[in-house]
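K.L.:
this is a predicted model, with the sequence first.
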Amino acid sequence: EAVGWGVGGFFWAAAFHPTRGNIIYLGGDVNGFYKSENSGKRWRICNNGIADYAVYSLAVDAKNPDTVYAGTVGGVCKSVDAGEHWEFLKQTGSKALAITSTRDKSVRGLAVDPSSGIVYAGTPGGKVFKSEDGGQTWTKLYELPSKGAVSSIIVSARNPKLLLAATSVVGLIKSEDSGQTWSELSTP
């Protein structure tokens, strides 16, 4: 069933609330962040404080179920009330660390460790970052050897030290120690 609004657009990211299955989130490239509280029957736009209306990545913190991260072209935004209000994480902006999301380069670039709440981010500039304080500060964990993008990243639910990321240059990369070291898989 179509869920588009106004002039159209695409939905690049989706996530469920971890404890309330009737809540679904969507990230769109035209109108920002969408929220449904009745399993997708009705949707509303929730952009209060969001940095940019082009949302290409969403991640939810299972330890703090109302905490949602949105990757936008301007940087990462964080909500602690299930998407009702947003705070722009300034250090992620394009004039700082450039932890941004870009259409066709870095979608699904955010992941949250379900056991600790640590946030990981892949960037269109080819880097992987980690935040242990809810997005206030970030540490660079990896950088591609040549120009390219880290398009997506995921944390294993069974083993939170295991991370996988998809890149545009070397294919998949893997870390088995929470991002301290990385190896390239044979998937160019």
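P.N.:
Alright, I've got the coordinates.
K.L.:
give me the beta-bridge partners of the residue most central in space within the chain?
P.N.:
Geometric centre of the chain, nearest residue: L110, 2.6 Å, by C-alpha atoms, centre = their mean. Assessed by DSSP bridges, L110 has beta-bridge partners A121.
K.L.:
quick check: it touching V128?
P.N.:
No: the pair L110 / V128 is not scored as a contact, 11.1 Å apart, by C-beta atoms under 8 Å. In this view, the C-beta of every residue, glycine as well, is placed from N, C-alpha and C.
K.L.:
what's the separation between the residue nearest to the centre of the chain and T92?
P.N.:
10 Å (C-beta to C-beta, to the nearest Å).
K.L.:
need the residues touching each of the two.
P.N.:
Counting by C-beta atoms under 8 Å, 6 or more residues apart in numbering, the common neighbours of L110 and T92 are V76, A121.
K.L.:
centre of the chain to stretch 72-90, how far?
P.N.:
11 Å (C-alpha atoms, centre = their mean, to the nearest Å).
K.L.:
who touches it?
P.N.:
17, 23, 25, 32-33, 35, 46-56, 64-70, 92-94, 96, 98-103, 110, 121, 134-136.
K.L.:
mind giving me the ChimeraX select for these, buried ones only?
P.N.:
Buried subset of these, written as a ChimeraX selection, criterion 16 or more other C-beta atoms under 10 Å:
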select :17,23,25,32,33,35,46,47,50,51,52,53,54,55,56,66,67,68,69,70,92,93,99,100,101,102,110,121,134,135
